[in-house]
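Visitor: Just the structure for this:
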Amino acid sequence: MVKFLEKMFIVEGILFGIIGLLFIFNPTSSLITLTNITGILVIALGIVSLFKQPRSIVVGIVNIIFGIGLISMPVQSINLIIAFYGAWSTVKGIYLLIVALKQSGYRDTFNIVYSCLIIILGVLILFNPIVSFVSIPYIIGTYFLISAVCELYIGFKI
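Guide: Take a look at the predicted model:
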């Protein structure tokens with residue numbers, strides 16, 4: 001099991017590194033592609049919820065309509081994706097910070113610093129939407145590169 005986790009962290013780190021470089025060197029296309037992929041995933045989620053949970057037909061239909069909106073209007077949807085990404089980064093950073101602080105009395109400075117950086121990036125994205133619109137591809141790229149380094153570190157540390 002440990003070998004599997006080690007390999008998964010390493011693969012995830014490599015993928016995050018590639019995604020980070022794509023966002024830094026091709027920001028506009030990467031952001032529009034991210035919006036389209038998000039739309040496809042939301043549509044898929046809507047379809048799955050229609051079949052798996054017949055009682056939540058309304059949720060499935062709303063997801064499908066929302067996904068179609070993301071795909072058909074990617075540039076207009078970018079602000080929504082930016083806000084979601086900022087909120088997601090903030091929540092993930094808080095969660096990782098709590099986990100790092102609770103690790104059986106062991107204080108891992110690296111994970112604490114990493115968590116704090118994610119929280120700071122998330123809050124900056126949420127509270128500076130105009131600046132975020134211009135700089136979000138670079139922030140996302142930097143986030144993925146930092147995550148790549150951390151995932152590789154964890155993968156080789158296990």
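
Visitor: where does the chain dip in pLDDT?
Guide: Filtered on pLDDT under 70, the chain yields the residue ranges 1-2, 54, 104-107, 158.

Visitor: if you set the cut-off to 50 instead, what comes out?
Guide: Flagging of the chain using pLDDT under 50 yields an empty set of residue ranges.

Visitor: show me where it has helices.
Guide: 2-25, 27-52, 57-72, 74-102, 109-127, 129-157 (DSSP state H).

Visitor: mind listing what residue 42 touches?
Guide: Contacts of residue 42 were listed using CB atoms under 8 Å, 6 or more residues apart in numbering, and they are 63-64, 66-67, 70. (C-beta placed from N, C-alpha, C; glycine too.)

Visitor: quick one: contacts for the spatially closest residue to it that is not a sequence neighbour?
Guide: Take residue 42 and drop its neighbours on the chain: the residue closest to it by CB to CB, 6 or more residues apart in numbering is residue 67, 3.6 Å away. When contacts are counted by CB under 8 Å, 6+ apart, residue 67 touches 38-46.

Visitor: Quick one, which of those are buried?
Guide: 38-39, 42-43, 45-46 (16 or more other CB atoms under 10 Å).

Visitor: Looking at these, which is nearest residue 118?
Guide: residue 38 (19.4 Å; CB to CB).

Visitor: okay but that closest one is in contact with residue 81, surely?
Guide: Yes - with contacts counted by CB atoms under 8 Å, residue 38 reaches residue 81, the gap being 6.1 Å.

Visitor: quick one: common contacting residues for the two?
Guide: residue 70.

Visitor: Can you give me the separation between residue 78 and residue 22?
Guide: 16 Å (CB to CB, to the nearest Å).

Visitor: try residue 84
Guide: Taking CB to CB, one finds residue 84 at 19 Å from residue 22.

Visitor: More neighbours: those two, which one.
Guide: residue 22 (18 against 13; other CB atoms under 10 Å).

Visitor: mind listing what the closest residue to the more buried one other than its chain neighbours touches?
Guide: Counting by CB to CB, 6+ apart, residue 30 is the residue found nearest to residue 22 once chain neighbours are left out, at 5.1 Å. Counting by CB under 8 Å, 6+ apart, residue 30 makes contact with 22-23, 137, 140-141.
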